[in-house]
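> Structure for the following, please:
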Amino acid sequence: MRNLYFEDIEVGMKIESAARTVTETDIVMFAALTGDWNPIHTDAEFAKNTIFGQRIAHGLLTLSIVAGLLVRLGLTERTIVAFYGIDKLRFTNPVFIGDTIKAVLEVVGKEDKKGKPYGVVVYDIKGVKQTGEVVLSYTSRVAILKRSSN
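Next up, the predicted model:
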């Protein structure tokens, strides 16, 4: 399933991505890129004394990895018009160095934009680590081209 148009997407579709392991390099590069050097992410000695007992990945890094895993699916690579936004974002469990996460996407709604060359698809997205724990969840809205506009 690649380059799906609005008409190809059905409510109830559920798709799981490949998995990816979070590395120390990911955390350091994200900190450098964003300027978020909070010691809970970057200082092993500091992190030992937190409720997690070790460094955790940035929530926004985890969100970015989940988004990247979804892009790799190629579902709407050439049919996406715009990313409308994120609703109800929650970080529900920590991600540690060495955790492997995947994305699970379910189509929960569609909005036909009459007279527009696109419609809006609503996704329920979860990031899940190797233990089965959900580490983040959110609802995403994306504008997708209609076949008739091509």
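> Would you tell me which helix is longest in the protein?
helix 59-72 (DSSP state H).
> Around Thr62, count how many other residues there are.
Neighbourhood size, Thr62 [other C-beta atoms under 10 Å]: 24. (C-beta placed from N, C-alpha, C; glycine too.)
> OK, contacts around it?
Counting by C-beta atoms under 8 Å, 6 or more residues apart in numbering, Thr62 touches 22, 91, 95, 101, 127, 135-136.
> Same list, these, but as CSV with secondary structure, neighbour count and distance to Gly35 please.
Formatted as CSV, those follow (DSSP: H, G, I helix; E, B strand; the rest coil; neighbours: other C-beta atoms under 10 Å; distance: C-beta to C-beta, whole Å):
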residue, secondary structure, neighbour count, distance to Gly35
Val22, coil, 22, 20
Phe91, strand, 19, 20
Val95, coil, 24, 20
Ile101, strand, 23, 24
Gly127, strand, 26, 23
Val135, strand, 24, 23
Leu136, strand, 23, 22
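> which one of these is nearest Val66?
Here the nearest of the contacts of Thr62 to Val66, counting by C-beta to C-beta, is Gly127; it sits at 4.2 Å.
> residue ranges of the strands in this protein, please?
With DSSP state E as the criterion, the chain has strands at 14-21, 80-91, 100-112, 118-129, 134-145.
> a markdown table please, covering these and showing mean pLDDT.
Formatted as a markdown table, the strands of the chain follow (pLDDT from 0 to 100):
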| stretch | mean pLDDT |
| --- | --- |
| strand 14-21 | 98 |
| strand 80-91 | 96 |
| strand 100-112 | 98 |
| strand 118-129 | 98 |
| strand 134-145 | 98 |
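> Make TSV from these and add distance to Glu45 to it.
TSV is the format used below for the strands of the chain (distance: least, C-beta to C-beta, whole Å):
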stretch	distance to Glu45
strand 14-21	24
strand 80-91	24
strand 100-112	25
strand 118-129	24
strand 134-145	24
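> closest one to Met1 among those?
Closest approach to Met1 among the strands of the chain is made by strand 14-21 (7.5 Å; C-beta to C-beta).
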